[in-house]
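**Q** let me see the structure of the following:
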Amino acid sequence: MPLESSIVGIAGAPMVSEVDARWTMAYAAALGDVMPCYMDTVGGVIAHPMFPVCIEWPVQVAMRAQFERATPLTREEAMRAVHATHDTVLYRAIRPPERLTTQLTVAGVERRKPGAYMVTRLDTVDAAGKPVCTSWYGAIYRGVEVKGPDAPAKLPMAPPEPVVEEGEPLWECEVDVPAGMAHIYTECARIFNPIHTDAAVARAAGLPEIILHGTATLALAVSRVIESEAGRDPARIERVAARFGAMVMMPSTLTVRVLAREGAVVFFEVLSGEGRLAIQDGMIVLRA
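**A** Numbers count the residues shown, from 1 in each chain. Reported below is the predicted structural model:
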C-alpha cells in the first residue's frame with residue numbers, strides 16, 4: 001500500500017523527558033568520550049551534541065501507531081523504514097537536570113528511487129517553553145509508493161558547497177567499534193531497536209547480522225570533530241547534518257575524514273571497516 005502525502009502536518013502529542021546527569025554521562029561513555037565537560041559533575045556537565053536522539057526516539061515510537069491509523073501501510077511495509085538522513089539544529093547545549101518536552105510533526109513525504117521518503121520534524125523546548133533543539137529525521141520506506149503529490153519538507157538553510165581539493169582530506173583518524181558497542185549504546189541511549197541487538201530479528205529484516213545504530217556512528221564522528229575543530233567545546237556545535245549509507249558491523253574500525261572547512265562549517269565523512277561510505281555529506285556548523 002502507498003504512503004499518503006496527506007499525512008504531512010500531522011502532529012503527535014508532546015512527550016516529556018526528565019534528563020539527568022546519569023543519562024547524559026552514560027551516553028557519552030557509550031561513545032568512549034569521557035571529556036570532563038561530559039563527566040565532571042563538580043562543575044556541572046553538559047550533554048553530547050547528539051544526545052537529543054535519546055529523547056526523540058520514544059516520540060518516534062509513539063507516533064508509529066498514529067501513522068498506522070492514518071495511512072494504509074501494512075506493518076511489514078512500515079518495518080521497511082531505514083534512517084536515511086539526519087539534521088539537528090542545537091539552539092543551546094543541554095545541561096542536566098532538565099525537563100524537556102518534544103513534539104513530532106510529519107514535515108514531508110516525497111517519492112525517491114528506493115521508495116517513499118518521509119521527514120519528521122522534532123521540536124524540543126525546555127520547562128520555560130524556550131527552544132532547545134530541532135531535528136529533521138528522514139526515513140526511506142523501501143519499495144513503498146507515494147499516493148498524492150510530493151510534499152517536500154522545509155529544511156534549514158542549505159550550507160555552502162564545500163570546495164574539496166583532489167587528493168588527501170584535511171585530516172583523518174581511525175575509530176574502533178568494539179563487538180558489544182550496539183548493546184552498550186542501546187542501553188545508554190535508551191534507544192531500543194532489535195536489529196541492533198537481536199541477531200534473529202536482524203536476519204529476519206534481511207541484514208547479515210546486527211549493525212551499529214546510524215546515530216552512534218554519527219556521534220562518534222561528531223566527537224572527533226569537536227576534539228579537532230571546536231577546541232574540545234561541544235557547546236560550540238550549532239548544527240549536525242548527514243546522510244547515512246553503508247552498514248557498520250562489529251567489531252570494525254571506522255575512518256573519520258574531514259574534507260573541508262568553509263568558515264564556520266566543517267564537512268566530513270565516515271568510512272566503514274570495508275571502506276564504504278557509512279556517512280556522507282556530513283556537515284557540522286560551529287558557533288564562534
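
**Q** Ser223 should be in a helix, yeah?
**A** Yes - checked against DSSP: H, G, I helix; E, B strand; the rest coil, Ser223 lies within a helix.

**Q** state the helix or strand in which the residue lying closest to it once chain neighbours are set aside lies.
**A** Nearest-residue entry for Ser223: Asp33, 4.5 Å, with adjacent residues in sequence omitted and distances by C-beta to C-beta, 6 or more residues apart in numbering. In this view, the C-beta of every residue, glycine as well, is placed from N, C-alpha and C. Mapping Asp33 onto the secondary structure by DSSP states H and E places it in no helix or strand at all.

**Q** does Asp33 touch His48 like I think?
**A** Yes - here Asp33 lies in contact with His48, judged by C-beta atoms under 8 Å, at a distance of 6.6 Å.

**Q** just the buried positions in stretch 99-108, please.
**A** Of the residues in stretch 99-108, 100-108 count as buried by neighbour count, 16 or more other C-beta atoms under 10 Å.

**Q** and what of stretch 2-22?
**A** 2-5, 7-8, 12, 15, 17, 19, 21.

**Q** CA atoms of that stretch as CSV?
**A** Coordinates of the C-alpha atoms in stretch 2-22 are reproduced here as CSV (Å, rounded to 0.1, in the frame of the first residue of the first chain):
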residue,chain,number,x,y,z
PRO,A,2,1.3,3.5,-0.7
LEU,A,3,2.3,6.2,1.9
GLU,A,4,-0.1,9.1,1.6
SER,A,5,1.4,12.6,1.4
SER,A,6,-1.8,13.9,3.0
ILE,A,7,-0.3,12.9,6.4
VAL,A,8,2.1,15.9,6.2
GLY,A,9,1.2,18.2,9.0
ILE,A,10,0.0,15.5,11.4
ALA,A,11,1.5,16.1,14.9
GLY,A,12,1.8,13.8,17.8
ALA,A,13,1.2,14.5,21.5
PRO,A,14,4.1,16.3,23.3
MET,A,15,6.3,13.9,25.4
VAL,A,16,8.2,15.0,28.5
SER,A,17,11.7,13.7,29.2
GLU,A,18,13.5,14.0,32.5
VAL,A,19,17.1,14.4,31.6
ASP,A,20,19.6,13.8,34.4
ALA,A,21,23.4,13.7,34.6
ARG,A,22,23.4,9.9,34.9
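
**Q** what's the average pLDDT for that stretch?
**A** For stretch 2-22, mean pLDDT rounds to 95.

**Q** distance from that stretch to the middle of the chain?
**A** With C-alpha atoms, centre = their mean, to the nearest Å as the basis, stretch 2-22 stands 15 Å off its chain's centre.

**Q** can you show me the helices along the stretch 151-288 of the chain?
**A** Across the stretch 151-288 of the chain, reading from the start of the chain, the helices by DSSP state H, counting those that start in this stretch fall at 181-189, 199-204, 214-229.

**Q** who touches both of Asp33 and His48?
**A** Any residue near both Asp33 and His48 by C-beta atoms under 8 Å, 6 or more residues apart in numbering counts here, and that gives Ser223.
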